[in-house]
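Q: Using only what follows, build the 3D model:
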Amino acid sequence: MSDRKKILSALRAAFPFTVPIMTGFCFLGLAYGIYMNVLGFGVLYPTLMAALIFGGSLEFVAATMLLAPFAPIQTFAVAVMIQARHLFYGLAMLEKYKGLGLKRQYLIFGLCDETFAINCSTRVPSGIDRGWFYFWVTLLNQSYWVTSAMLGGLLGEVLTFNTEGLGFVMTAMFVVIWLEQFLTEGRHVTSLIGFAASMACLIAFGSDSFLIPSMVLILIVLTAFRLRIER
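A: I've put the predicted structure just below:
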């Protein structure tokens, strides 16, 4: 099989696995692009941030941080805490991405939650090049996110209705994530720890400074009671 046929065969095999991701990313990406426009950023900002950060929830947080006072250490700490799960994604994919040459560098960069779920659990179809299959899954998922974010930014430029309050989309997104975690847990221990720690830090530090202390407190409590929680 020629290289061209090998690449196209991998694309045809990978695309159906990414269709559910495309539908989800279209709505979230549009919301993100419009949200950035509401905050006062042109279409270039959500497009570049979607392409370079490619961090989902981190991009929503980064949008508000661009408007906050310059605080590089705090920004770095928040980014690490929000995306820390990717460290474990990377460890899990070391063997699968082994020996893939230059493609491996991009695969590491583009490893989001959805791409990890597909590349980690999907058995590559027989006769399909493994490296190109992983590459297309990663590239297609990122292209959905970048394109929808750009379209959202463009749509925000021409919207004529009042977009006041649209900034609440980030808060709503994290509430939904928390509710999903709460509903899937058996005894709701970790969800309640996260809620209680966040409320305590909100009262102690105020709405402008509670994020990092709450994350640190959650980490400490979960680490201290890890064995008991697992039992």
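
Q: Tell me which residue is most central in this structure.
A: The residue lying closest to the centre of the chain (Cα atoms, centre = their mean) is residue 56, at 3.0 Å.

Q: Next, the distance between the ends of stretch 119-128.
A: 14 Å (Cα to Cα, to the nearest Å).

Q: Touching it from outside, list them.
A: The contact list for stretch 119-128 (Cβ atoms under 8 Å, 6 or more residues apart in numbering) reads 9-10, 13, 17, 89, 92-93, 96, 107, 111, 130, 133-134, 137-138. C-beta: built from backbone N, CA, C; applies to glycine.

Q: residues of it that come out buried?
A: 119, 124, 128 (16 or more other Cβ atoms under 10 Å).

Q: tell me the phi and psi of the residue nearest to the centre of the chain?
A: When read as degrees, to the nearest 10, the backbone of residue 56 gives phi 60, psi -110.

Q: From residue 47, how far off is the closest residue to it other than its chain neighbours?
A: Nearest residue to residue 56, sequence neighbours excluded (Cβ to Cβ, 6 or more residues apart in numbering): residue 112, at 6.5 Å. Distance of residue 112 to residue 47, given as Cβ to Cβ, to the nearest Å: 17 Å.

Q: Would you mind giving the domain segments of the protein?
A: 3-158, 185-230 (automatic domain parsing).

Q: Now do the end-to-end distance for the first one.
A: Read that as domain 3-158. Start-to-end, domain 3-158 (Cα to Cα) is 44 Å.

Q: helices or strands next to the longest helix seen in the chain in the packing?
A: Using DSSP state H, we find that the single longest helix of the chain is helix 3-38. For helix 3-38, the contact count by 3 or more Cβ pairs under 8 Å, 6 or more residues apart in numbering; DSSP states H and E identifies helix 44-52, helix 57-65, helix 113-121, helix 130-158, helix 168-184 as packing neighbours.

Q: So which of these is nearest residue 78?
A: helix 57-65 (6.3 Å; Cβ to Cβ).

Q: what's that closest one packed up against?
A: Contacts defined by 3+ Cβ pairs under 8 Å, 6+ apart place helix 57-65 against helix 3-38, helix 44-52, helix 72-83, helix 168-184.

Q: low-scoring stretches of this structure, by residue?
A: Where the chain drops to pLDDT under 70, the residues are 1, 160-174, 176-177, 208, 231.

Q: please redo it, this time with the cut-off set to 80
A: Along the chain, segments meeting pLDDT under 80 span 1-2, 56-57, 81-82, 84-85, 87-89, 159-187, 207-212, 215, 219, 226-231.

Q: In CSV, please show the C-alpha coordinates belonging to stretch 224-231.
A: Provided in CSV are the C-alpha atoms of stretch 224-231 (Å, rounded to 0.1, in the frame of the first residue of the first chain):
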residue,chain,number,x,y,z
ALA,A,224,-5.1,12.7,53.6
PHE,A,225,-8.2,10.6,53.3
ARG,A,226,-7.4,8.7,50.1
LEU,A,227,-7.4,5.2,51.5
ARG,A,228,-10.6,5.8,53.5
ILE,A,229,-12.3,7.2,50.4
GLU,A,230,-11.2,4.3,48.3
ARG,A,231,-12.6,1.8,50.8
